[in-house]
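Q: Okay, predicted coordinates and the sequence, questions at the end:
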Amino acid sequence: MKDSATQLAIHGGVPLYAEKVHVGRPNIGDRAHFLSRLDAVLQSKWLTNNGACVQELESRIAQLLNVRHCVLVCNATIGLEIAIRALDLDGEVIVPSLTFVATAHALQWQQITPVFCDVQASSHLIDPDQIEALITPRTTGILGVHLWGRVCDVERLTEVADRHRLKLLFDAAHAFGCSKAGRMVGGFGRAEVFSFHATKFFNTFEGGAITTNDDDLAKRLRLMINFGFAGYDNVVQIGTNGKMNEVCAAMGLTSLLSLNDVMDANRRNHSAYAESLRDIPGLRLLTYPEAERNNFQYVVVEYEPLAGGVTRDQLIDILWAENVIARRYFHPGCHRMEPYRTLYPEAGRRLPVTEAVAARLVVLPTGPDLTPMDVAAIASVIRTAVLAGPGLARSLRSGP
Ligand code: T4K
């Protein structure tokens, strides 16, 4: 991130990597396949508006996720906004604060109040026990987030939503290829919204999908992503432009081919992190349920320093100085970002777990380009930094 003291502290001024190793490096897949798809797109002179690649990708994803409808969109943020609107949500919607800010923005953008709910400490997922206390006569829905690809307690959320006649929607931005009780994410709640952004496990450069088993909702979604057009010159409702283009869909068709390889590489790296980070005091690696499918895209660590040891932010500085671009996702929680901290200044009071977890999070790089040896090297930087403790923390504070 910055300071030469951190480099001096660990590697005598020479960073671990000559080039930056990032969280969120895109998985590129089979270039030749992508380029031949691209060539076919150019040849066809059909570049967007429900082209052949979009149609093929929609049907492949629907099949993979075992869901009736997959509506591709230009990104997950617009996908969330459209799904929220198609479900007629308004007033207040209950949502976790421990998420990427797009989840909250998708509500506030359309004048819906995001009512922030705390998460469970062990899973980082919305806590079903806290929801009922937040329901008011203005509440119309619950927006769960399958954070890190770990799937929400869908059963309990469904039960609460049904009891209070609320609509249940999921932000599944992280959860492509993940499962719960053997069921693929995609068919839970009224709809689920995936992100296919460059940094995601499965990418289309920019993009996303709304999936649902509800035929009427799917029809509405399709109208909404295309300005409300029901045919040439026939606009039947308000809509926007949420379409995915053919280049992005071609990338998606390419990414599908390497899905299992990427998942395997991520799983291998996650195990390597588990092995190398074992027994470091104050450090907990978030694990994924063994019986479920997960894409292991996020390697998430909670770090609570021992007295006088390097802080979480110093640990991130040290990693950055080594050219390991770790992230503090999703610090400090949406409720501490604008416009939420101004609009809802009291929200933090009911979010003690979110506040504590957000202060401890470190997300580490993974992906097929990273080998278990890289993982061991990154872990060794972390071990050195944490174990060096107060001495190193003092040198970081005083500088070179
Ligand atoms: N809901 C949730 C729970 C989400 O996490 C997200 C997005 C959304 C909704 C909304 O989805 P989209 O509307 O984006 O489809 C990044 C992504 O832009 C964002 O999609 C993602 N979540 C979020 C977790 O990460 P930033 O602000 O951290 O991006 P940035 O530019 O700092 O890049 C992240 C890392 O990836 C960097 O270390 C660099 C690396 N990178 C990035 C890009 C774009 C690359 O190596 N190559 C690249 O092409 O938000």
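A: That came in fine, so what should we check first?

Q: any idea how far the spatially most central residue of the chain is from residue 119?
A: Centroid check for the chain by Cα atoms, centre = their mean gives residue 174 as the closest residue, at 3.6 Å. Between residue 174 and residue 119 the computed distance is 14 Å (Cβ to Cβ, to the nearest Å). C-beta here means a position set from N, CA and C on the backbone, and glycine is covered the same way.

Q: ok, now residue 134?
A: For residue 134, the distance to residue 119 (Cβ to Cβ) stands at 13 Å.

Q: And for residue 321?
A: As judged by Cβ to Cβ, residue 321 and residue 119 stand 31 Å apart.

Q: re earlier: quick one: which of residue 134 and residue 119 has more around it?
A: For residue 134 versus residue 119, the count of surrounding residues by other Cβ atoms under 10 Å is larger for residue 119: 25 against 16.

Q: Surely the more buried one touches residue 99?
A: No - counting by Cβ atoms under 8 Å, residue 119 sits too far from residue 99 to count as a contact (9.1 Å).

Q: list residues touching both of those two?
A: Shared contacts of residue 119 and residue 99, defined by Cβ atoms under 8 Å, 6 or more residues apart in numbering, are found at residue 147.

Q: tell me the helices in this structure, going along the chain?
A: In the chain, the helices defined using DSSP state H lie at 4-11, 31-44, 52-65, 76-86, 101-108, 128-131, 154-163, 215-224, 246-257, 259-276, 312-321, 340-343, 352-358, 372-398.

Q: Buried deepest among the ones you listed, which one?
A: Neighbour counts (mean count of other Cβ atoms under 10 Å) averaged over each of the helices of the chain peak at helix 76-86, with a mean of 26.

Q: Contacts for that one, please.
A: Contacts of helix 76-86 with the rest of the structure, by Cβ under 8 Å, 6+ apart, involve 73, 93, 102-103, 105-107, 109-110, 112, 141, 143, 169, 171, 173, 191, 193-197, 208-210, 217, 220-221, 224-225, 240, 242.

Q: near the ligand, which of these show up?
A: Among the contacts of helix 76-86, the residues that sit close to the ligand (Cβ under 6 Å from any ligand atom) are 102-103, 171, 173, 195, 197, 208.

Q: Hmm, residue 139 is touching residue 115, no?
A: Yes - using Cβ under 8 Å, residue 139 is in contact with residue 115, at 7.2 Å.

Q: shared neighbours of these two, anything?
A: With contacts taken as Cβ under 8 Å, 6+ apart, residue 139 and residue 115 have 92-94 as neighbours in common.

Q: picking that back up, which of the ones next to the ligand among the contacts of helix 76-86 fall within strands?
A: Residues from those lying in strands, with DSSP state E as the criterion: 171, 195, 208.

Q: Name the nearest of the residues you listed relative to the ligand.
A: The closest of those to the ligand turns out to be residue 195 (Cβ to the nearest ligand atom; 3.5 Å).

Q: in the sheet, who's paired with the closest one?
A: Here residue 195 sits in beta bridges with residue 208, going by DSSP bridges.

Q: what's the neighbour count on it?
A: Using other Cβ under 10 Å, residue 195 is surrounded by 29 other residues.

Q: That one: what's it in contact with?
A: Contacts of residue 195 (Cβ under 8 Å, 6+ apart): 75-76, 79, 173-174, 207-208.

Q: same check, this time on residue 145
A: Residue 145 makes contact with 95-96, 98-99, 103, 125-126, 152, 170-171, 173-174, according to Cβ under 8 Å, 6+ apart.

Q: so can I have JSON lines of these showing pLDDT?
A: Shown next, in JSON lines, are those (pLDDT from 0 to 100):
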{"residue": "95", "pLDDT": "98"}
{"residue": "96", "pLDDT": "98"}
{"residue": "98", "pLDDT": "98"}
{"residue": "99", "pLDDT": "98"}
{"residue": "103", "pLDDT": "98"}
{"residue": "125", "pLDDT": "98"}
{"residue": "126", "pLDDT": "98"}
{"residue": "152", "pLDDT": "98"}
{"residue": "170", "pLDDT": "98"}
{"residue": "171", "pLDDT": "98"}
{"residue": "173", "pLDDT": "98"}
{"residue": "174", "pLDDT": "98"}
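
Q: PyMOL command for the buried members of those?
A: Paste this into PyMOL to select the buried members of the contacts of residue 145, with burial taken from 16 or more other Cβ atoms under 10 Å:
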select buried, resi 95+96+98+99+103+125+126+152+170+171+173+174
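
Q: Tell me the one of the contacts of residue 145 nearest the ligand?
A: Nearest member of these to the ligand, counting by Cβ to the nearest ligand atom, is residue 173, at 3.4 Å.

Q: Report the contact partners of the closest one.
A: Residue 173 makes contact with 76, 100, 102-103, 145-146, 193-195, 197, 200, 208 under the criterion Cβ under 8 Å, 6+ apart.

Q: so how far is residue 325 from it?
A: 20 Å.
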